[in-house]
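> here's a sequence, model it:
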Amino acid sequence: MRPGADNQQESLSSEERRSWFLAGFVEGEGSVCVSIKRHPTARHGYYFQPEFFIYQHRLRRELLEMAQEYFGSGRIRPKPGNPDVLVYSILSRPVITERVLPFLRAYMHYSARRYDYETFGHVVELMNRGAHRDPHGLAAIARLAYSMNMRGKQRRIALEEILDRILRGHTPDTLKPE
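As a prediction, this is how the structure comes out:
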């Protein structure tokens, strides 16, 4: 590059530089998931919660505060079992819809976890349309959730157990009447 010529990074606004920095931070320290929790009052026995997280050592709290300011929501708290690690989280589906998903779509296009971000967005959109209120819609959301984050490798409950509970009494009979 010749002296005095502007490079592309210098031509970005301060806000764009902050967005791209945050994208790199999310790539390294962030995650999305759809948690599935047993819940006695939930219609099908499970509660589904889309979640966005960023993790950081407590000495770098200001990075999490920057993310909190950027998204205008969320909380910062110690990670359970490891108080030296802080977790910035957004659990509000409206905030995820209005702020997190547009960010992921704009800045995480080249992410190694692009599939997870796209699937997460699809799950949130399905829930926003009420698919989680229908047993077959909820089952579809469960399958998508289990396809994320290394195909559900860290999940404690088998997908089949969740699907059995959700679809109990909602699957067509396989026997034809005589």
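
> any low-confidence regions in the protein?
1-10, 152-153, 169-178 (pLDDT under 70).

> one more pass at 90, please.
1-12, 15, 37-46, 149-158, 165-178 (pLDDT under 90).

> and residue 82, backbone torsions?
The phi/psi pair for residue 82 (degrees, to the nearest 10) reads phi -150, psi 80.

> so it bridges to which residues?
Residue 82 forms beta bridges with residue 79, as assigned by DSSP bridges.

> so which elements touch the helix or strand where residue 24 lies?
Taking DSSP states H and E as the definition, residue 24 sits inside helix 14-29. Helix 14-29 is packed against strand 46-57, helix 61-71, helix 101-107, with contacts defined by 3 or more CB pairs under 8 Å, 6 or more residues apart in numbering; DSSP states H and E. (C-beta placed from N, C-alpha, C; glycine too.)

> then the next helix or strand after the shortest one to PDB, C-alphas only?
Read that as helix 101-107. Using DSSP H and E, the helix or strand that directly follows helix 101-107 along the chain is helix 114-128. The C-alpha coordinates for helix 114-128 follow below in PDB (Å, rounded to 0.1, in the frame of the first residue of the first chain):
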ATOM      1  CA  ARG A 114     -22.400 -20.000  10.900                       C
ATOM      2  CA  TYR A 115     -24.700 -23.100  10.800                       C
ATOM      3  CA  ASP A 116     -25.400 -22.800  14.500                       C
ATOM      4  CA  TYR A 117     -26.200 -19.100  14.200                       C
ATOM      5  CA  GLU A 118     -28.500 -19.700  11.200                       C
ATOM      6  CA  THR A 119     -30.300 -22.600  13.000                       C
ATOM      7  CA  PHE A 120     -30.600 -20.500  16.100                       C
ATOM      8  CA  GLY A 121     -32.200 -17.700  14.100                       C
ATOM      9  CA  HIS A 122     -34.600 -20.200  12.500                       C
ATOM     10  CA  VAL A 123     -35.600 -21.500  15.900                       C
ATOM     11  CA  VAL A 124     -36.300 -18.000  17.300                       C
ATOM     12  CA  GLU A 125     -38.400 -17.200  14.200                       C
ATOM     13  CA  LEU A 126     -40.400 -20.400  14.600                       C
ATOM     14  CA  MET A 127     -41.000 -19.500  18.200                       C
ATOM     15  CA  ASN A 128     -42.000 -16.000  17.300                       C
END
